[in-house]
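Participant: With the sequence up front, the predicted model follows.
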Amino acid sequence: MTSKEIRQKFLDYFASKKHTIVPSAPMVVKNDPTLMFTNAGMNQFKDIFLGNAGAKFYRAADSQKCLRVSGKHNDLEEVGHDTYHHTMFEMLGNWSFGDYFKKEAIDWAWELLTEVYKIDKSLLYATVFEGSEEDGTAMDTEAKEAWLKHLPEDHIILGNKHDNFWEMGDTGPCGPSSEIHIDIRTEEEKKASGIPGRDLVNQSDPHVIEIWNLVFMEMERKADGHLEMLPAKNIDTGMGFERLCAVLQGKNSNYDTDVFSGMLAKIGEISGHKYGEGKDTDVAMRVIADHIRAISFSIADGQLPGNVKAGYVIRRILRRAVRYGYTFLGLAEPFLCRLVPQLIEDMGEAYPELASQQKLIESVIREEEMAFLRTLDRGIRFLSEYMSSHQGGSDKMVDGVDAFTLYDTYGFPIDLTQLIASENGFTVDMDGFNVELQKQKERARNATANEFGDWEEYFPGESKFIGYDKTEVINAKLLKQRTVVQKNKEMLQLVFNKTPFYGEMGGEVGDTGYIVSADGEQIKILNTVKDNNLTVHIAERLPKNCHGVFTLVVDAERRQQIANNHSATHLLDQALREILGSHVEQKGSYVCEKNLRFDFSHFEKLSEEQIAAVEARVNELIREDIALEENRNATMEQAREMGAIALFGEKYGEFVRVVKFGPSVELCGGCHTRATGTIGLFKILSESAIAAGVRRIEAVTGVGAAEYVIGLESTIKEAKGMLGNPQNFISALQHLIEQNAAYKKQADEDEAKRARHLAEEFAKTAELVGGVKLVKYTDSHRNPVLVRTIITLMQKDQENMAVVGAFEFEGKPNLVLMYTKDLVAAGKNAGQDIRNAAKFIQGGGGGQPGFASAGGKDTSGLKAALDALTEAATK
C-alpha cells in the first residue's frame, strides 16, 4: 500500500464505525497558553476532555499534523541520526467522547491492524499500565482482560507510569494507556539474538517499536500534581503514520518509505549526492527531509521564523537543516525553498494549505536561508579552524571567550556552537561564555553612562507611575537629576517619586507637558522615557529649587490622542484576526499623537475589500463605545483565563495588566482611552509589506482621521467644480477620461500623419554633398521630440542620406544627427560625431551610430556646431 492508501484506509475504517472524520487542526497552537505547537492528535479536543465544551459528535477520527521539538517531547537532536524520530509527523487517531471505552478501542485497533492492514498477529505485543503507588492508581485490569481475547498472555506486558500513563504535559487530561508494539526483525535476526520480542518492548530497539498508543482518558492532572476524574470517560488514540507506513511497506526505516523517498530523491538531485552513499550525507539528507516538513507546515499555519518562543523554534529547525546541507552536502546557496514543490507533491493532497500558501512558504524560507548562510559561512570556518588547532590537546573544550567571540562578532547561536562542538568531541565552556556575556552587558551600560552626567540625588525612594488615572499630580518630589548632552544640545533628566508621565515603551511614545515648582517656576517636559524601570523626564532646564515639591502636568490633549491611537491598534488587531484569520499576530507597532503603525503576520497583500472590511469593523467597535475593562495586577494564569493575547518577544513580570475592549483582550502596559467612542473615527492610510510574511498598516484616528476625510472631500469638490459640478461625478469623470483617450488617439494619428508629411518634405530639400544626400535643419519653432520622430521616419525610408540639425527651442540649443543604415554600414557613427559638435554649444550628447542628439548652454555656437556636423557627414 502507498502512504496515501494507508492514511485513507484508516479514515475509511473508522468512518465505518460511525466516527466523524475531522480535518487536522493547525500545527501551531494559538489559543492554548500551555502549548506552542500541536504535539498530539487530542490537542484540538482538550476542552471536550476537560468538560469545558460539549462535543459536537461522540466519535471522531483524523490524521493530525504534529510537532515535537520542545518541552517534554523534545526529539530535535535525535532527528536524522536514527531512522524513526521526526520533528513534524502525522498522528492517526480515533476518539470517543463519553461513548465507547477500552473494550471497543482495543477490539477495533486489533481488527484494523490484523484484518485490514493484514499484519501478522504473532508479531504484535500490547502493554498495560501496572498502576502507580505514587498516584494511588491500580493496575488496568480492564485493558488486560480485553487484550487476552486477542493475544496470548506472554504478549501482554505490564508497563510503569513512565511508559503507560499518558500525560499531555505537567497539567491536563491524562490516563492509563495501552501501547501496541511490533517486532519487525527478520527470522535470522531473531535467531541470532536469541532474545524474544517481549524483552525488547520499550527498550529503544529500532526493530521492536511502538506503532499505536491507546489512551484511556479518564483523569486530569492538576497543578499541585494530584489526579481528578474527568466528567466522562474518553478514548484518545494515536498511531504514528510514518512508522505504520514503514511496517506495512516492509521497510526498516521510516525514511525508506514513499513518505520520504520523493523528498530524498529531490535532495539528491539538488545536492549531487545519493541517499545511502555514506553515513554523514545520509544523516544530512534525513535531517533536511524531516525539517522541510516542520518548517513549511509551521509557516502555512501562521508561525514565521523569529527570535523568540515558537518563532525561534522554527528558526532553529530551519537553521539546523541549512547547517547540515552546508556542511555535509556542500549546499552553499538557498536550497530548502527549492524543496517546497516536492513537499506539495508528496503531501499537498492531504494538506491543501501547503499549495495555497506556496509562495509565502518559499519566500520566507529563502529569506531565512540567505541570512543564515552568511552567518554559517563565517561562523563554521571560525569554529572549524579553532577545533583543528586544538585537536591535539587533552582538554577538548571550546574556550568561553572564543565561543562568545563567535556569538558576538559572527552572530552564531551558542546552542549551534554546542552542537557542532559535541559532534567533534568538544564541549563548550558555558561558564566562561556567560562571564563574557555579562561583561558585554556591563560594557554597554558603561558606554551609555559615559554619555551622561552622574545622578545627583535629593531624596531617597522609588519612582511610581500613576498616569493611568490622571494627567496631573501635585506634591511630587524630585528624587534625582542628571545632565544629558545629545546632538550637541544640553538637556536635563529628572526623576520624581510619583508621576503621571508615561515613559516611551512598547511602541508608544512618551508624554510631554510641564512641571511647576512651589514658587511658580514652569519648566517644559520635552519627552519621557524609560531607563532601567525609571520614568525619566527630559526637561528643558533644571529647576532653581530641586528640594521643593512640584506639580506635574501632562499635555492631556496629546495624551488623549496617543491613547486613542493605542486603543485603535488593539481594535485593529482584533479586526484583522476576525477578517483575515487567527494566524494574524502583532509583529510590532508605533503609536504617537498623529498616527499609528501596526505590523502583523499575514501571507499576502490585503485586497481593497479586506482593507475596507477591517476599517469598517474597527469603526463598528468604536461606535459601540465599549468601555475599557482592565486588571492591572493579574497573574499570567488569570490573564490566560481571560483570553489575553501576549506578544512574542515581550517580557512580562509576575503581575501583568490586561486591557479589554469587548472582544479585544490583550496584555498591555500602555495608555488607553476610557471607551472606544472617544476614538471618533478610524481611517487606514496605507497597507504594505515590510518583510516576507509581515504586513504594515498605517492609520489615523480622531482629529487626524477627520482632517484626512475633509482633505479628500475638498479634493473631490474641487475636481467636481472643474467638471461643472455634475450630478454624477464618477460618470462625468469616466466620460472625460474616455473622451480624452479618444482625443489623444486622434491627436497621435494626426501627429503621425504630419510627421510623415514633413519627413517627405524634408527629404525633398536634400542636396548632394560629397556623394551624400544632405538635409540641413535649423527651424526653431518645432519641438525637438517632433524633430526626432521626423528624422526617424526618414532613416527608415531613405538611403545614402544624412540629416544634420542645429536649432534653438525655448532658449536652449539642440543638435541632431542621422545616418541611414547604409552609411552606418560604411563606417559613419552619429554618436561619436555629435559629441565633437556639442563642444561648440557647451554641451554634450550621444546616441547610436544611426542617430544621436545633444543639448547645451550656448546658442551662439549653433552655426559652428552645424558646420562641424556637416563636415562630419560629408567628408
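Facilitator: Nice, thanks for sending it over.
Participant: Name the residues of the helix or strand containing Arg320 that are buried.
Facilitator: Element membership for Arg320 (DSSP states H and E) is helix 309-328. If you call a residue buried by 16 or more other CB atoms under 10 Å, then helix 309-328 has these buried ones: 309-328. For the C-beta atoms, the positions are set from N, CA and C on the backbone; glycine is no exception.
Participant: ditto for stretch 331-346
Facilitator: Of the residues in stretch 331-346, Leu331, Pro334, Phe335, Leu336, Cys337, Arg338, Leu339, Val340, Gln342, Leu343, Ile344, Asp346 count as buried by neighbour count, 16+ other CB under 10 Å.
Participant: can I get those residues in CSV with secondary structure?
Facilitator: Listed next are those as CSV, based on DSSP: H, G, I helix; E, B strand; the rest coil:
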residue, secondary structure
Leu331, coil
Pro334, coil
Phe335, coil
Leu336, helix
Cys337, helix
Arg338, helix
Leu339, helix
Val340, helix
Gln342, helix
Leu343, helix
Ile344, helix
Asp346, helix
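Participant: Looking at the residues you listed, which is nearest Phe129?
Facilitator: Closest approach to Phe129 among these (CB to CB): Asp346, at 36.8 Å.
Participant: my read: Phe550 touches Gly520, true?
Facilitator: No: applying CB atoms under 8 Å, one finds Phe550 not in contact with Gly520, separated by 11.2 Å.
Participant: Which single helix of the protein contains the most residues?
Facilitator: Taking DSSP state H as the criterion, the chain has its longest helix at helix 729-764.
Participant: Now do the strands in the stretch 351-500 of the chain.
Facilitator: Assigned by DSSP state E, counting those that start in this stretch, the strands in the stretch 351-500 of the chain fall at 397-398, 427-428, 456-457, 464-465, 472-486, 489-496, 498-499.
Participant: Show residues contacting the fourth one.
Facilitator: Surrounding strand 464-465, the residues in contact under the criterion CB atoms under 8 Å, 6 or more residues apart in numbering are Asn497, Lys498, Thr499, Pro500, Phe501, Tyr502, Gly503, Thr535.
Participant: cutoff 10 Å now
Facilitator: If you take CB atoms under 10 Å, 6 or more residues apart in numbering as the criterion, strand 464-465 is touched by 473, 476, 496-503, 528, 530, 533-535, 669.
Participant: So in that sheet, which strands flank that strand, and in what orientation?
Facilitator: Using DSSP bridges, the strands paired with strand 464-465 are strand 498-499 (parallel).
Participant: And the contacts of the strand it pairs with?
Facilitator: 461-467, 473-477, 479, 511, 515, 525, 528, 535-537, 550, 552, 554.
Participant: Mind checking which of these are buried?
Facilitator: Judged by 16+ other CB under 10 Å, buried ones among the contacts of strand 498-499: 463, 465, 467, 473, 476-477, 479, 511, 515, 525, 528, 535-537, 550, 552, 554.
Participant: can you put the strands of the stretch 351-500 of the chain in TSV and add mean pLDDT and distance to Phe851?
Facilitator: Below are the strands of the stretch 351-500 of the chain laid out as TSV (pLDDT from 0 to 100; distance: least, CB to CB, whole Å):
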stretch	mean pLDDT	distance to Phe851
strand 397-398	90	67
strand 427-428	92	69
strand 456-457	86	76
strand 464-465	92	73
strand 472-486	89	58
strand 489-496	88	58
strand 498-499	96	73
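Participant: where does the stretch 351-500 of the chain dip in pLDDT?
Facilitator: Residues of the stretch 351-500 of the chain meeting the criterion pLDDT under 70: 389, 392-394, 410-411, 413, 444-452, 486-488.
Participant: An error on my part: the question was meant for the stretch 51-200 of the chain.
Facilitator: Within the stretch 51-200 of the chain, the segments meeting pLDDT under 70 span 51-53, 70-75, 168-172.
Participant: Apply 90 and report the result again.
Facilitator: For the stretch 51-200 of the chain, the stretches flagged by pLDDT under 90 are 51-57, 68-85, 136, 166-174.
Participant: buried ones in the helix or strand hosting Leu526?
Facilitator: Element membership of Leu526 [criterion: DSSP H and E] is strand 522-531. Neighbour-count burial for strand 522-531, with 16+ other CB under 10 Å as criterion, is recorded at Ile523, Ile525, Asn527, Thr528, Val529.
Participant: Many thanks, we can stop here.
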